[in-house]
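**Q** I would like to see how this sequence folds:
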Amino acid sequence: MAGAHSLKHEIFISADIEKVRRALSTAEGLRGWNTPHVEGSGDLGTLWNLKYSGRPEFSWRIDQDNPEDILWTCTKGPGDSVGTTATFTFASAPDGRTRVRVTHGGWPHDEANFIKCNTIWGALMHHLREYVESGVSNPAFA
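**A** Residues are numbered from 1 along each chain as shown. Predicted coordinates:
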């Protein structure tokens, strides 16, 4: 049964939506801001396998890849993370930037790994913005 708790983050990136989407939908893009250890094709229904030095590995199934949003479902990870979903939504802001929101939902509670994950997503979103705006690879978890 899906949980009722979701963590949410929002940032604005000085780039067009397509450039932001590439950072979230290609292995090269994910390596630029998340971790250098990315396996996967980015095809719908396949997995992103993300490995981190000294940290748990994650696998995310790509369940949606639309111009306005991307949806991943966690299939491998620590604690209560399996079965949670990460939804990235994109919108053009009036000033030309792209608004990016991530909602990591389906948590059974708002304790333990939920709190850790919230902190990690905050760091990841800043790395996403830096990577997309600069074009320089700087993964949060090298």
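**Q** elements contacting the helix or strand I11 falls within?
**A** Using DSSP states H and E, the element containing I11 is strand 5-13. For strand 5-13, the elements it packs on are strand 98-107, helix 113-134, judged by 3 or more Cβ pairs under 8 Å, 6 or more residues apart in numbering; DSSP states H and E. Every residue, glycine included, has its C-beta placed from N, CA and C.
**Q** so in that sheet, which strands flank that strand, and in what orientation?
**A** strand 98-107 (antiparallel) (DSSP bridges).
**Q** buried ones in the partner strand, by neighbour count?
**A** Across strand 98-107, burial judged by 16 or more other Cβ atoms under 10 Å covers T98, V100, V102, T103, H104, G106, W107.
**Q** surely the first one meets F88?
**A** Read that as T98. No. Between T98 and F88 there is no contact under Cβ atoms under 8 Å: 10.9 Å.
**Q** before we move on, back to that, is it possible to get a markdown table of the helices and strands packed on strand 5-13 that adds distance to S53 and mean pLDDT?
**A** Shown next, in a markdown table, are the helices and strands packed on strand 5-13 (distance: least, Cβ to Cβ, whole Å; pLDDT from 0 to 100):
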| stretch | distance to S53 | mean pLDDT |
| --- | --- | --- |
| strand 98-107 | 22 | 97 |
| helix 113-134 | 14 | 96 |
